[in-house]
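Peer 1: Take this sequence and fold it.
(chains A, B, C and D)
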Number of protein chains: 2
Amino acid sequence: MIRISKKVEYALMALKFISQSDNKLVTAREISDTKKIPYDLLSKILQKLKNENILLSNQGTNGGYSLNKRTDEIYLYNLMNMLDGDIAVAECMYETKEKDCSLEDSCSIKSEVAKLQKEVEDLFKNKTISDFV
Amino acid sequence: MIRISKKVEYALMALKFISQSDNKLVTAREISDTKKIPYDLLSKILQKLKNENILLSNQGTNGGYSLNKRTDEIYLYNLMNMLDGDIAVAECMYETKEKDCSLEDSCSIKSEVAKLQKEVEDLFKNKTISDFV
DNA sequence: CTAATTTGGACTAATATAGTCCTATTTGAA
DNA sequence: TTCAAATAGGACTATATTAGTCCAAATTAG
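Peer 2: Residues are numbered from 1 along each chain as shown, chains lettered A, B, ... in the order given. Sure, this is the predicted structure:
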């Protein structure tokens, strides 16, 4: 299936929201409430983005999140990678594949799949958060 | 996740195999054996392709499948659609969506997602089986 | 008649995604 | 110095999707 996961969808919405909040800290609760995103799930996503240096966070009362990068420096490709792991159009294209594709030698479409893989990657590498704002 | 399903992968391999078999009928068993594809699953896929007029079939002894279209007339996009259903980068992009996206109004990225949707579609619409042969 | 084959429904298993629950830690302010 | 508002993060459950299996019927050449 070709789909953007909910995690990435929520991340895009959250980043857009934060980017439009004039540098004041934004809480997970605030985003969750206004955008109707499950709070716990959103928290996990924001934590992840913080650990990946996309966001800055302040704990405690009056805490919240702010952007740590310009929106045009945050690539959709990277977001997808952070939140969902490797992007691969087919099993054999996983960068970190531990298990070999069961087909291997009998697979007759490998090289064209690799080409497709690159095209899909490029598409997502050419999109940044600024496109969504 | 951005992935080509096994069904589509197997379909590509099968179509390639059939296209290289000089117009003689090819059985599901033959493809399954040489390409190491689970027989029952492959059968389903070939039946589907037959019902979608991509393949012709002969039942009974000496039966099998043959192509009903030129390889450059079979689009990856259509294959994906036939075998996996609607392609949608996000829930709200399903053509046949009965359930509304829970976010709806609160969704702030809809228009850009629609653009992305089109780009992904175009990518797959521009690939035919002949690219894989 | 029989064996090889497609046809197709129903089911199960495996995997991935989405969402929940709980507790700890940090911090500003009453 | 306690309390409430936040982030941090592990463990778990539920749901959905994908992959694969099983079984029985229909077709057809020899």
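Peer 1: How about chain A: which residue is closest to DNA strand C?
Peer 2: Nearest residue of chain A to DNA strand C: A:G60, at 2.1 Å (C-beta to the nearest atom of the strand). Bear in mind the C-beta positions are built from the backbone N, C-alpha and C, glycine included.
Peer 1: And for that residue, the neighbour number?
Peer 2: 6 (other C-beta atoms under 10 Å in any protein chain shown).
Peer 1: What of A:L42?
Peer 2: When counting by other C-beta under 10 Å, one arrives at 20 neighbours for A:L42.
Peer 1: Could you report the pLDDT at it?
Peer 2: pLDDT recorded at A:L42 is 98.
Peer 1: likewise A:N62?
Peer 2: 95.
Peer 1: Show me the residue at the heart of chain A, geometrically.
Peer 2: In chain A, the residue lying closest to the centroid (C-alpha atoms, centre = their mean) is A:L79, at 2.3 Å.
Peer 1: Need the three-state assignment for that one.
Peer 2: Following DSSP: H, G, I helix; E, B strand; the rest coil, A:L79 is assigned to helix.
Peer 1: Tell me the confidence at it?
Peer 2: At A:L79, pLDDT is 96.
Peer 1: my guess is it meets A:L12, correct?
Peer 2: Yes. In this structure, A:L79 is within contact of A:L12 by C-beta atoms under 8 Å, at 7.3 Å.
Peer 1: can you give me the strands in chain A?
Peer 2: Counting by DSSP state E, one finds strands in chain A at the ranges A:55-58, A:64-67.
Peer 1: other SSEs contacting the helix ranked longest in chain A?
Peer 2: The single longest helix within chain A, with elements called by DSSP state H, is helix A:110-125. Contact analysis of helix A:110-125 by 3 or more C-beta pairs under 8 Å, 6 or more residues apart in numbering or on different chains; DSSP states H and E lists helix A:76-84, helix B:110-125 as its packing neighbours.
Peer 1: Could you list the contact residues of chain A toward DNA strand C?
Peer 2: Residues of chain A lying close to DNA strand C by C-beta under 7 Å from any atom of the strand are A:5-7, A:38, A:40-41, A:44, A:58-63, A:84-85.
Peer 1: and those near DNA strand D, which?
Peer 2: A:D40, A:K44, A:N58, A:Q59, A:G60, A:T61, A:N62, A:G63.
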